[in-house]
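Engineer: Quick one: sequence and predicted model below, then my questions.
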Amino acid sequence: HAPAILFREMWRSSLSQAATSRRLLSTSAALQKKHELFDRILIANRGEIALRVMRTAKRLGIETVAVHSDVDSNAEHVKAATHKYCIGPAPSVESYLKVDRIIEACKATGAQAVHPGYGFLSERAYFAKALEENGIVFIGPKPDALKVMGDKLESKKLAREAKVNTIPGYSGVIQNADHAVEIARQVGYPVMIKAASGGGGKGMRLAWNDDETRDGFRFSSSEAKSSFNDDRLLIEKFIEHPRHIEIQLLADGKEAIYLNERECSIQRRNQKVIEEAPSTFLDPATRKAMGEQACALARKVGYETAGTVEFLVDKHRQFYFLEMNTRLQVEHAISEMITGVDIVEHMIRVAAGQKLALKQSDIGINGWAFESRVYAEDPFRFLPSTGRLSTYQDPGKLHPEIRVDSAVIEGSEISIYYDPMICKLVTHGKTRQSALDLMVKALDNYVIKGVNHNIPLLRDILTKPEFIKGDLSTNFIPEVYPKGFHGAVLSDEESQQLALTGAIMTAVRLASLQPGSSKTQKLVVHGNSQTYNITVSPTANGFSAAVNGGEPIAVAADWRLGSSLFHGNFAGTDLTIQHISRDGHQLRLRFKGSEFDLTVRSEQEEEYSKLMPVKPPQDVSKNVLSPMPGVIISIIEEGKSVAAGTEVAVIEAMKMQNKLLAPRAGKIKKVNVKVKDTVEGDQVLIEFEPIEELKTA
């Protein structure tokens, strides 16, 4: 049978239905008949990946079953499925990780096979085995392959046997913190401590000394237990300034091919942030060598379905096996965009007993693709954010080469129970620069309100000179932002453009409130540490604005009250600026990804404001606040004296644990929560008396 359809066309809204139908007919005629596949499959997952699998299943004429927790009963993946089945309460350990409930759902709905997506049970051999024992097909590797390749300890041993380059390290199980220190010293600092099972950056810590190794052992084992129900750890030598490059595989148990590579070096806290395919760094010879080693490893274990072999690559293009992900990767979309291969389709076909429809010679590289992982999180502190999406407008219709893999709509809830990903935003272009430019445009037009999100950081990374040049490593974020990310920095011209936008928005508002009044508005704008006196007048094509008595600037724009997006041409420069909120004279806008606060008043209001008293900010220095919604894992006892920087609490949100430290030396006066309590963001957890007050008491 023929290769899968050119995958991008499933997301091209600009193509006519007839044109799309012709394309599907031309590729489907040679495929196996429907009865040779499954009649109904269950997706043991939620969110965007469940929807992603359903799209391919629907195209193949296969019915789908959505499983869901009680809080997900109205989720988008549930609405999209042919059938639905509730498997338990909100916590994943009581629902999406309950094997018996998923098997029960299969039997109740008549599902013949299960696609696990990624995360949850996708790499659990016992899950695949349980399905097999109940006569249900697992759309993934066989249990034996899952067991050996999904275990980082065992997979490293097998990789060595398959003559795959491996990282120096300890292949046994780390017993305790003292043992971890002993092994770290033998391997040589720095070392990477990581969970033997799972992935996604959970259960991973970098350690440069004994103290960090002890801390790393504690947090990594706890996170691994929580996320994967397996607290075994391994320790490897940390390769400094590496690139993280992975090879996408398809295999059928005998044959294996590689769908080129993905560059995944932009990471924070060992979690991928931005990916691209192909890599700017690999030459054809290195790509071929990495691909062939990855395929050799797959053949060694009789691997079938989709999988990814991850490598660390040093500056000399020497590459080392990192791990194998025995599942569909989060970032699989960019491989689909540059190869035209529907990876999910091949997973389903192989699981149904069909052989790979592709040969290595069928796989090429068509253009370039980027993926930005849009998360609900504070981009400055990298902490998850929860809440309801009060406004949501994705950029999917902006251009046919933009792909939006998401499972949220306006009104959706981002909860503490699951991963905070909002969307996988993908762009494709004939060249790297065209794909990159389109990604920046897509982010500028992506409107998300109600939760914090990481678009400010994503956009800033994409426009950094180092990124544009392709000068990447896994240290990119700490090296480019050594003091942390603090938002976009505007030039004087950009600050003026921002002020002009605020003035125009205010002028439109005032004109609507005062019909019949003078159309020219004289305004004072404070923002970005600057003050501007701006006169705004409407014109046939938009507005004319004079700044600080200067020559008028023509701004072509057609912005209306209530619109979130301001598209303007400022004297020949096209810009997109978002209106986030207004509170009286306070205006919050998003420009170049970041938020900026403006104060806009009429000239008369500006004079009155000078007479108003300034309210002093509230003193919260004597409290420890929760930085995010989450669950208390540990908390210090009342009455203890602590030094500045002492750990006073650990909070877990979305399976990542965060240590809270005392901001200053003092005595714990009051503890307002206990272990296992669920807390909100900015909730006061601990009150304490600083050392200075103790001395004067």
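Structural biologist: Received it, and whenever you're ready, just let me know what you need.

Engineer: Confirm that residue 71 sits in a strand.
Structural biologist: No. Counting by DSSP: H, G, I helix; E, B strand; the rest coil, residue 71 is not found in a strand; it is helix.

Engineer: Check the burial of it by counting its neighbours.
Structural biologist: Using other Cβ atoms under 10 Å, residue 71 is surrounded by 15 other residues. Every residue, glycine included, has its C-beta placed from N, CA and C.

Engineer: same question, the one 4 residues further on
Structural biologist: The burial metric for residue 75, expressed as a neighbour count using other Cβ under 10 Å, is 22.

Engineer: check contacts around it.
Structural biologist: Contacts of residue 75 were listed using Cβ atoms under 8 Å, 6 or more residues apart in numbering, and they are 46-47, 68, 407, 412.

Engineer: Tell me if I'm right that residue 536 and residue 505 touch.
Structural biologist: No. The criterion here is Cβ atoms under 8 Å, and residue 536 misses it with residue 505 at 9.7 Å.

Engineer: Neighbour-wise, which one of the contacts of residue 75 leads?
Structural biologist: Result: residue 46 is most packed of these (other Cβ under 10 Å), 26 neighbours.

Engineer: Residue 95 is in contact with that residue, correct?
Structural biologist: No. In this structure residue 46 lies outside contact range of residue 95 using Cβ under 8 Å: 9.1 Å.

Engineer: picking up where we left off before, which of the contacts of residue 75 lies closest to residue 141?
Structural biologist: residue 46 (21.5 Å; Cβ to Cβ).

Engineer: Can you give me the separation between the nearest residue to residue 422 once chain neighbours are set aside and residue 161?
Structural biologist: Leaving aside its chain neighbours, residue 422 sits nearest to residue 374 (4.6 Å; criterion: Cβ to Cβ, 6 or more residues apart in numbering). When distance is defined by Cβ to Cβ, to the nearest Å, residue 374 is 40 Å away from residue 161.

Engineer: Looking at these two, which is more packed in?
Structural biologist: Per other Cβ under 10 Å, whichever of residue 374 and residue 161 has more neighbours is residue 374, with 23 against 11.

Engineer: Surely that one forms part of a helix?
Structural biologist: No. Counting by three-state DSSP, residue 374 is not found in a helix; it is strand.

Engineer: Residues in a beta bridge with it, which ones?
Structural biologist: Listed by DSSP bridges, the beta-bridge partners for residue 374 are residue 423.

Engineer: List the contacts of it.
Structural biologist: Counted by Cβ under 8 Å, 6+ apart, residue 374 has contacts 421-425, 446, 448, 453-455, 458.

Engineer: Same check on residue 110?
Structural biologist: So residue 110 contacts 39-40 (Cβ under 8 Å, 6+ apart).

Engineer: CA-only coordinates of stretch 209-229 in CSV, if you can.
Structural biologist: Extracted in CSV, the C-alpha atoms of stretch 209-229 (Å, rounded to 0.1, in the frame of the first residue of the first chain):
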residue,chain,number,x,y,z
ASN,A,209,28.4,18.7,43.9
ASP,A,210,27.5,16.4,46.7
ASP,A,211,24.8,18.6,48.2
GLU,A,212,23.0,19.0,44.9
THR,A,213,23.3,15.2,44.4
ARG,A,214,21.5,14.6,47.7
ASP,A,215,18.8,17.1,46.9
GLY,A,216,18.5,15.7,43.4
PHE,A,217,18.1,12.2,44.7
ARG,A,218,15.3,13.2,47.0
PHE,A,219,13.3,15.3,44.5
SER,A,220,14.0,13.0,41.5
SER,A,221,12.9,9.8,43.3
SER,A,222,9.8,11.6,44.7
GLU,A,223,8.8,13.0,41.3
ALA,A,224,9.5,9.6,39.6
LYS,A,225,7.3,7.8,42.1
SER,A,226,4.5,10.3,41.6
SER,A,227,4.6,10.4,37.8
PHE,A,228,5.6,6.9,36.9
ASN,A,229,5.0,4.8,40.1
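
Engineer: Can you name the residues in contact with that stretch?
Structural biologist: Under Cβ under 8 Å, 6+ apart, the answer for stretch 209-229 is 97, 174, 176-177, 180-181, 184-185, 189, 191, 193-198, 200, 202-207, 230-233, 633, 652, 655-657, 659.

Engineer: Give me the distance from that stretch to the chain's centre.
Structural biologist: 22 Å (Cα atoms, centre = their mean, to the nearest Å).

Engineer: Tell me which stretches of the stretch 451-600 of the chain form helices.
Structural biologist: Applying DSSP state H, counting those that start in this stretch to the stretch 451-600 of the chain gives helices spanning 455-462, 465-469, 476-480, 492-513.

Engineer: quick one, longest strand in this protein?
Structural biologist: strand 256-268 (DSSP state E).

Engineer: Show me what that strand is packed up against.
Structural biologist: Judged by 3 or more Cβ pairs under 8 Å, 6 or more residues apart in numbering; DSSP states H and E, strand 256-268 is in contact with strand 243-252, strand 271-277, helix 284-300, helix 332-339, helix 476-480.

Engineer: For that strand, output the C-alpha coordinates as CSV.
Structural biologist: Extracted in CSV, the C-alpha atoms of strand 256-268 (Å, rounded to 0.1, in the frame of the first residue of the first chain):
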residue,chain,number,x,y,z
ALA,A,256,12.8,0.0,10.6
ILE,A,257,13.1,3.4,8.9
TYR,A,258,14.0,6.8,10.3
LEU,A,259,12.0,10.0,9.5
ASN,A,260,15.1,12.3,9.9
GLU,A,261,15.8,14.2,13.1
ARG,A,262,14.3,16.8,15.4
GLU,A,263,16.4,19.5,17.1
CYS,A,264,15.1,19.7,20.7
SER,A,265,17.9,21.7,22.4
ILE,A,266,15.7,24.6,23.7
GLN,A,267,14.8,23.3,27.1
ARG,A,268,14.1,24.5,30.6
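
Engineer: what lines up beside that strand in the sheet?
Structural biologist: Partners of strand 256-268, by DSSP bridges, with direction: strand 243-252 (antiparallel), strand 271-277 (antiparallel).

Engineer: Export those to JSON lines and append columns for mean pLDDT.
Structural biologist: Listed next are those as JSON lines, based on pLDDT from 0 to 100:
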{"stretch": "strand 243-252", "mean pLDDT": "98"}
{"stretch": "strand 271-277", "mean pLDDT": "96"}
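
Engineer: Can you say which of the ones you listed is nearest to residue 383?
Structural biologist: strand 271-277 (13.0 Å).

Engineer: follow-up on the earlier one: got the helices of the stretch 451-600 of the chain as a markdown table, with distance to residue 391, mean pLDDT and mean neighbour count columns?
Structural biologist: Putting those into a markdown table (distance: least, Cβ to Cβ, whole Å; pLDDT from 0 to 100; neighbours: other Cβ atoms under 10 Å) gives the following:
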| stretch | distance to residue 391 | mean pLDDT | mean neighbour count |
| --- | --- | --- | --- |
| helix 455-462 | 14 | 98 | 23 |
| helix 465-469 | 29 | 97 | 12 |
| helix 476-480 | 28 | 95 | 16 |
| helix 492-513 | 16 | 93 | 20 |
